[in-house]
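>>> this is a predicted model, with the sequence first.
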Amino acid sequence: LGGKLEENHIEHRLFDTSFMRDARAPFKESVRELRERIGEEAPAGYKPERKYVDLRQEFWREVEEFRPDLIALSSTSYDFKPATEFILPAKRAFGIPLVVGGPHAMAAPDRAIKNPAVDAICILEGEEPLLKLIQGINTGRNISNINNLWFKDSVTGNVIKNINAHGLENLDDLPLPDYGMFDERHLLRPWMGKLRRQAYIEISRGCPFKCSYCIQPNLHDIPTLDGKPAAKRYIYYSSPEKLVEKIEALDGKFGPFDHVQMIDENLPTMPIEALRSLHDIWVNRLKFTFFTMSRPEYLVEKHPDGS
């Protein structure tokens, strides 16, 4: 999303709580620190400083300084209530609309739109709807008919539910992510007991499986423009060549890196020829270790005879 806004010369800022701890929260450790302490992860000796703050006050100060035309939140269901609670006071005080996307808005849209802090929600991919929403606000155009967005009337509570477009046709068309939004410390990541300088790159979207603990089954069943479920396009990939080009560009702009996290639901579902092509390009042009995700039945030990 940040890369899309940067590409279109839209000023934006991230309110990043990664290196903050809410002074009222009962937990003082990060998940990684807890896992290291109980022996689930090898310690890397990395403990970045985290400020203990009142998140509501911090967010208020950020909004007061930046004075945005729109606040955008991406949230899981677990984080949705506390996130909207610390956003609401500043949103009301400065009269700024809030649009919410991410897992909660897609899995429970009717519940999300009823939250008193929320003015609009985004269903499915957000790059084009968010861009159109911001451009509409900036130019005074009608924004109530943007595909993939629901809008709530602040007086009556009535909701406009626009149809869902199919979204991106090709991940290769996305610009580079905007790492400039993030604290530099995000690029330093402990991994297997070592501190790495890590890049992040999206390799695919979607997954063909319907695990009960995952959001993917919900995404499969969201209807799009033609009334058919989104499952007809439930997974698509970057091309191997374009993916490696983006990693090289990120390394040149924000590196040097020595590790890459490939953001992907299940890498081996990539067509086998594309996967082989990615392997060949990777070993010839990149020297990074990498992390990705898969299901166990995809991972088999290659026998010395090549079978």
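Looks like it arrived, so ask away. Numbers count the residues shown, from 1 in each chain.
>>> ok, which stretches of the stretch 151-300 of the chain are helices?
216-220, 240-254, 272-285 (DSSP state H, counting those that start in this stretch).
>>> dump stretch 278-292 to PDB, restricted to CA.
The C-alpha trace of stretch 278-292 is given here as PDB (Å, rounded to 0.1, in the frame of the first residue of the first chain):
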ATOM      1  CA  LEU A 278      13.100 -19.000  -9.600                       C
ATOM      2  CA  HIS A 279      15.600 -21.500  -8.300                       C
ATOM      3  CA  ASP A 280      17.900 -21.100 -11.300                       C
ATOM      4  CA  ILE A 281      17.700 -17.200 -11.300                       C
ATOM      5  CA  TRP A 282      18.200 -17.100  -7.500                       C
ATOM      6  CA  VAL A 283      21.300 -19.200  -7.200                       C
ATOM      7  CA  ASN A 284      22.900 -17.300 -10.100                       C
ATOM      8  CA  ARG A 285      22.100 -13.700  -9.000                       C
ATOM      9  CA  LEU A 286      21.300 -13.600  -5.300                       C
ATOM     10  CA  LYS A 287      23.400 -14.600  -2.300                       C
ATOM     11  CA  PHE A 288      20.800 -14.400   0.400                       C
ATOM     12  CA  THR A 289      19.400 -17.000   2.700                       C
ATOM     13  CA  PHE A 290      15.600 -16.900   2.800                       C
ATOM     14  CA  PHE A 291      12.500 -17.800   4.800                       C
ATOM     15  CA  THR A 292       9.100 -18.700   3.400                       C
END
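>>> report the distance from that stretch to the chain centre.
Put simply, stretch 278-292 sits 23 Å off its chain's centre (C-alpha atoms, centre = their mean, to the nearest Å).
>>> tell me which residues in it are buried?
For stretch 278-292, burial by neighbour count (16 or more other C-beta atoms under 10 Å) applies to 278, 282, 288, 290-291. The C-beta positions use only the backbone N, C-alpha and C, and glycine is treated the same way.
>>> average model confidence for that stretch?
Averaging pLDDT along stretch 278-292 gives 90.
>>> got the helices of the stretch 151-300 of the chain as CSV, with distance to L124 columns?
Output for the helices of the stretch 151-300 of the chain, formatted as CSV (distance: least, C-beta to C-beta, whole Å):
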stretch, distance to L124
helix 216-220, 8
helix 240-254, 22
helix 272-285, 24
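>>> mind checking those helices for the one nearest to P129?
With C-beta to C-beta, the closest approach to P129 among the helices of the stretch 151-300 of the chain belongs to helix 216-220: 15.7 Å.
>>> strands along this protein, start to end?
Listed in chain order, the strands of the chain (DSSP state E) span 20-22, 51-53, 71-74, 98-101, 120-122, 149-152, 159-161, 188-191, 194-202, 204-206, 235-237, 259-263, 289-291.
>>> by mean pLDDT, show me the worst of those strands.
Lowest mean pLDDT within those: strand 235-237, at a mean of 78.
>>> how far off centre is the lengthiest helix in the chain?
For the chain, the helix with the greatest residue count under DSSP state H is helix 77-94. Centroid displacement of helix 77-94 relative to its chain, using C-alpha atoms, centre = their mean, is 19 Å.
>>> returning to that earlier point: among the strands of the chain, show me which one is buried the most.
strand 120-122 (a mean of 26; mean count of other C-beta atoms under 10 Å).
>>> check what contacts that one and list those residues.
97-101, 105, 109, 112-113, 129-130, 133, 148-152 (C-beta atoms under 8 Å, 6 or more residues apart in numbering).
>>> and stretch 235-251, by the same measure?
168, 170-172, 176-177, 179, 199, 201-208, 257, 260, 265, 269-271, 274, 277-278, 281-282, 285-286, 288.
>>> give the buried residues for it.
235, 237-238, 240, 243-247, 250-251.
>>> so F291 touches L267, yeah?
No - using C-beta atoms under 8 Å, F291 makes no contact with L267, being 10.2 Å away.
>>> residue ranges with poor pLDDT in this structure?
In the predicted model, the chain carries pLDDT under 70 at residues 223-234, 301-307.
>>> between the buried residues of stretch 235-251, which is closest to F86?
Using C-beta to C-beta, the buried residues of stretch 235-251 come closest to F86 at L250, 31.4 Å.
>>> end-to-end on stretch 162-178?
29 Å (C-alpha to C-alpha, to the nearest Å).
>>> swap that for stretch 190-199, please
End-to-end distance for stretch 190-199, by C-alpha to C-alpha: 13 Å.
>>> repeat for stretch 206-218
Separation of the first and last residues of stretch 206-218 by C-alpha to C-alpha is 11 Å.
>>> tell me the contacts of the closest residue to Y46 other than its chain neighbours?
Leaving out its chain neighbours, the residue that sits closest to Y46 by C-beta to C-beta, 6 or more residues apart in numbering is P190, at 4.8 Å. Applying C-beta under 8 Å, 6+ apart, one finds that P190 lies in contact with 32, 41, 43-44, 46, 196.
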